[in-house]
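# Fold the following, please.
(chains A and B)
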Amino acid sequence: MMRRPADRLARLLACGLLAALATPGAPAWAADEQGSDAQGGGDETAGFEEDWGDPWAVEDQGLTWTGFVEGGAGLRFQEVEKLRRLTLGELRVRAETSHIRESYTVDFKGDLAWDEVRESLDGQLRELAVSFTPLESVDAKIGRQVLTWGTGDLLFLNDLFPKDFISFFAGRDENYLKSPSDTARISIYTDPVNIDIAWTPRFQPDDYLYGERFVFWQPAAGEAAAPAVARRAEEPDTAELALRLFRTVGSTEYALYGYSGRWKQPLGVDAQGQPRFPRLRSWGASLRTPLHEGLFNAEAAWYDSRDDRDGDDPRTPNSELRLLLGYEQELVRNFTAGVQLYTEHILHHDRLLANSPDPARAREEWRTVTTLRLTHRALRDTLTSSLFTFYSPSDEDFYLKPSVAWRRNDQWLFTGGLNLFGGNQAHTFFGQLEDNSNGWLRIRYHY
Amino acid sequence: MRKTSGLLSAALALGLSAALQAAPLSDVSEIVDRANLASYYAGDDGRSEARMKIEDAQGRTQLRQFTILRNDHADGGDQDFMVFFSRPSDVRGTVFLVHKHVDSDDDRWLYLPGLDLVRRISPGDKRTSFVGSHFFYEDVSGRHPQDDEHRLVETTDTHYVLESTPRKPGEVEFERFVTQVDRETFLPMKTEYYDDQDRVYRVMEVLEVEEIKGYPTVTRSRMSTPLDGGGTLMEFRYIEYDVGLPGDIFSERYLRNPPIDWLRREQD
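Below is the predicted model:
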C-alpha cells in the first residue's frame, strides 16, 4: 500500500499543521493592533479598513481558495480483538472554491487526509458540480454533491442520500455524516408546487460499519466483534431516483417524497451467504411548522422492500413504516432543546418471526427511539456545548453524544466529545456498538 | 430595470424631512413609527454589503462579511431579509433567511452548504448574538415598536430623547432603554440599555450617516458592552434602494442557489 511515500506526505502534512499551530494569531490583526496603539486608540474605527485582506472596492475575482487543516484523534475506551484502540487519527486538508460565471457556477470541495487508523492516505472529492438555470423556473446541479432533505434531526426517513456513519461514530465534523453522490439534481419551481428530482446513475450506499475501526453484531459468532475479514458488500451497478414535491404555505412547509433504489446498507444476504443491497422503494410525507413557542415537525415513510414484499424471506428485510414527531424550542436565552419520537414498524412481523433462524434476536415489531438534543451557546456563540441522546425503549439501548466546541477566533476551532453506546443486549441497534464507545478531540485551522 | 423612481422618492424624502424640522413633534408614537421606518424601511427594497469587526473584552478580533437583501411588503409591516455570508471561510456560503412578521413570530431559516441543509430556526429569542457579534438578531431586523412602551422625555435642538420600557419584561434582558432620535432624519443615533441595577450595559452609537438616494442611511455604527469592554463595529457599503428585487428571491430556491445577479454590485 505505498507505505513510504504516504508516510512522507503524512509527515509533511504534520509539519504544515505544526507550523500553523506555531503562528500566533492572525498576522493581519497583529498589524492592526499595533496600528491602533500608535494612534493612541483615539479613533475606535481606525484600522478597520486594514483588517481586511482586500479593500471594499475590490470584489472577489477569479478563484478564491478557502478551507482548513485539521488534526483529529480519538480513542476507544476499551481493547477489542483485531482492532486498534485508535478510532480517529487523521490529519486532513480541505480545499474549496467556486467558479462563478454569468450562466453557470462550478463548486469544488476536496479533502486529502492521512488516516492513521487505516494507515492510508485518502483523497475525497466532496463536491465537483456545475449549477445552471436551463429555464427560468428550473435549476440544475450536476456532478458530485451532498444532498439533504427531510425534517428529522439525525434521524432520516425520506432522506435516502448516502450517509457516513463511520465518520459520525468516530467524531468527525457533523458535515461528514453526509456522503457525496454523483447525481443530477433538477429543481422545478412552479406556483402550485416545487419539484426536486435527484437521479444517481450508480447506486451510492452508506458508509456503513464493515469491520475496520468498529465492532458490530456477528450473528454467526453470537457476539459483537470485528469480522474475520473486513469487507464491503459488492455494490450493484443500478440507478437511484429520489423525488420531492414541496411547498410552503404561510409558515408551514409541506413535502411529499419518493425513492426508488436500494436499501442503503447491505441488509440482505444472497444465495452464497454474501451481504447484498436489496431493492427498496419508499414513499413519504412531512410537514414543519411553528407551534407554541417552538417548531414542530412530523414525517412518515413507507419502505417497500421489493425483494421481500411478503415478508417471509429471512435473508431480506421486510417492508416497514417509519414515523417521526419532533419539537424544538429555545427554553431560555441561548439554550435550546429538541425532542423527537420515532418508530419503525416492521410489516408482516409474524412471518419474519416464523421464518427467522434466530427469532429471539429478530427485530422487534415496533422499534421506538426517542432523542433529546440540548444546545447551549455562550460567549457570543464562541463556546457551544451540545448533548444529543438516542434512547430506545423497545431495544433498551442508547447512544449519547456530548460535545463542546470552542471557536477561539475566525481561524481556530477546538472541538471535543464522546460517543457512548450501550444497551441491555449485545445485538440491538446501539447495544452492539457498546465496545466502540470513544472520546475524540479535533483542532482545526481555517484558512 | 434596477434603477427606477429614485429621484422622485429622494425629492419626497427630502421635502418631508425639511418640513418636519420646522416644528418638533410631541406625539411619541409618531416619533417611534418614523424612527422605525427611517431605520428599517428605506425604499421598497434594498441591497447592501456589510462588514463587522467583533472585539471581545481581551481585545481579540473577529470579522464578518455579508450581503443583505431586503424586501418590504408594506412600510412598517412585514419584511423579508436574506443575508449571504462570504467571510470568514468557515461560514462562507451560509445563508440566513427571515420572513419578518409584525403580528406573529418571524420565520427564520439557515442554509448550511456543507450538508446542503435548509435548517429552520425555532422562533425563540431574537435577543441573542447575531453571528457572534454584539448586535442581536433583533438589532439587524428591527424590534417591533409595539413591544415597548415609549415616553418622550426630552426634545433638544437636535434630538428627541425617548425612554422605552418592555411590555413583557420577562422576555428581554433590559429594564429600559433610552434612545436619541435625530429630529431631522428620525434615525436613532444612540441607544443605551439599562440593566436591573440601572447600569448602562449595552450602547448602540451611530458613527456615520450618508444620504443614499435621498434616504439618510446609517453606514457605520457600533454596539458596545461597556461593563466588559467588548464591542462590534458594523459598516455598510454599496447600498442601493428600490432595485426591484423580485419577491420570490426570499425562498428555499435562492437559499440553495444564491441569486448572483442581485448579489453583484452595480457595474456603473
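
# all contacts plus neighbour counts: C-alpha atoms, from now on.
Will do.

# A:Gly72 contacts A:Leu441, doesn't it?
Yes - under the contact definition of Cα atoms under 8 Å, A:Gly72 touches A:Leu441, with a separation of 5.7 Å.

# Who does A:Gln329 form a beta bridge with?
For A:Gln329, the beta-bridge partners are A:Ala337 (DSSP bridges).

# near chain B, which residues of the stretch 51-200 of chain A?
A:66-67, A:146-149, A:175, A:178, A:189 (Cα under 8 Å from any Cα of the partner chain).

# Narrow those residues to those in strands?
Among those, DSSP state E puts A:66-67, A:189 in strands.

# Before we go further, A:Phe390 is sitting in a helix, right?
No - counting by DSSP: H, G, I helix; E, B strand; the rest coil, one finds A:Phe390 to be strand, located in no helix.

# where exactly do the strands run in the stretch 51-200 of chain B?
Applying DSSP state E, counting those that start in this stretch to the stretch 51-200 of chain B gives strands spanning B:61-72, B:79-87, B:95-100, B:107-112, B:117-121, B:148-155, B:159-166, B:176-182, B:188-194, B:200-212.

# Looking at those strands, which is nearest to B:Ser224?
Among those, the nearest to B:Ser224 by Cα to Cα is strand B:200-212 (5.3 Å).

# still on that earlier bit, now the ones in strands among the residues of the stretch 51-200 of chain A next to chain B as a markdown table including pLDDT?
Conversion of these to a markdown table gives the following (pLDDT from 0 to 100):
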| residue | pLDDT |
| --- | --- |
| A:Thr66 | 94 |
| A:Gly67 | 96 |
| A:Tyr189 | 96 |
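
# Please tell me which one of the residues you listed counts the most neighbours.
Across these, neighbour numbers were computed from other Cα atoms under 10 Å in any protein chain shown; A:Gly67 holds the maximum, 20 neighbours.

# In contact with that residue, which residues?
A:93-96, A:446-447, B:89-90 (Cα atoms under 8 Å, 6 or more residues apart in numbering or on different chains).

# now A:Ile195
Applying Cα under 8 Å, 6+ apart, the residues near A:Ile195 are A:187-189, A:243-246.

# and the gap between it and A:Thr151?
As for A:Ile195, its distance to A:Thr151 is 17 Å (criterion: Cα to Cα, to the nearest Å).

# Taking the stretch 151-268 of chain B, what residue is nearest to chain A?
Nearest residue of the stretch 151-268 of chain B to chain A (Cα to the nearest Cα) works out as B:Leu233 at 7.4 Å.

# That residue touches B:Thr225, doesn't it?
No - in this structure, B:Leu233 is not within contact of B:Thr225 by Cα under 8 Å, at 11.9 Å.

# In terms of neighbours, single out the busier of these two.
The neighbour comparison of B:Leu233 against B:Thr225 (other Cα under 10 Å) goes to B:Leu233, with 25 against 19.

# re the thing from before, pLDDT value on the residue of the stretch 151-268 of chain B closest to chain A, please?
Note for B:Leu233: predicted pLDDT of 96.

# Contacts only, for the residue nearest to it when sequence neighbours are not counted.
Nearest residue to B:Leu233 in three dimensions, chain neighbours excluded: B:Arg222, at 4.4 Å (Cα to Cα, 6 or more residues apart in numbering or on different chains). B:Arg222 makes contacts with B:203-207, B:231-234, as judged by Cα under 8 Å, 6+ apart.

# State the number of residues packed around A:Arg101.
A:Arg101, neighbours per other Cα under 10 Å, totals 11.

# swap in B:Ile54?
Applying other Cα under 10 Å, I find that B:Ile54 has 23 neighbouring residues.

# Just give the nearest non-adjacent residue to it, would you?
Nearest residue to B:Ile54, sequence neighbours excluded (Cα to Cα, 6+ apart): B:Thr232, at 4.3 Å.

# Also B:Glu173?
B:Asp195 (7.3 Å).

# same question, A:Glu96
Computed as Cα to Cα, 6+ apart, the closest residue to A:Glu96 that is not its neighbour in sequence is A:Lys109, at 4.4 Å.

# Check which residues of the helix or strand hosting the one you found are buried.
Here A:Lys109, judged by DSSP states H and E, is contained in strand A:104-115. Residues A:105-115 are the ones in strand A:104-115 that count as buried (16 or more other Cα atoms under 10 Å in any protein chain shown).

# hang on, the earlier thing: now the residue nearest to B:Ile54: phi and psi?
phi -130, psi 130 (degrees, to the nearest 10).

# Count the neighbours of it for me.
B:Thr232 sits with 23 neighbouring residues when counted by other Cα under 10 Å.

# surely it meets B:Arg51?
No - B:Thr232 lies out of contact with B:Arg51 (Cα under 8 Å); the separation is 10.0 Å.

# quick revisit: got the contact list for the strand holding A:Lys109?
With Cα under 8 Å, 6+ apart as the test, strand A:104-115 has contacts from A:6, A:10, A:88-100, A:120-133.

# hmm, try it at 7 Å
A:10, A:89-100, A:120-132 (Cα atoms under 7 Å, 6 or more residues apart in numbering or on different chains).

# Buried only: go through those residues for me.
Neighbour counting with 16+ other Cα under 10 Å marks A:10, A:89-98, A:100, A:120-121, A:125-132 as buried within those.

# Restricted to strands, list the contacts of strand A:104-115.
Those of those mapping onto strands are A:89-100, A:120-132, per DSSP E.

# Tell me where the stretch 151-300 of chain A has helices.
A:165-170 (DSSP state H, counting those that start in this stretch).

# That one: strands as residue ranges?
All strands of the stretch 151-300 of chain A, identified by DSSP E, counting those that start in this stretch, fall at A:181-189, A:194-200, A:216-218, A:223-225, A:240-249, A:252-262, A:268-269, A:275-276, A:279-291, A:294-305.

# so which of those gets nearest A:Gly417?
strand A:216-218 (21.4 Å).
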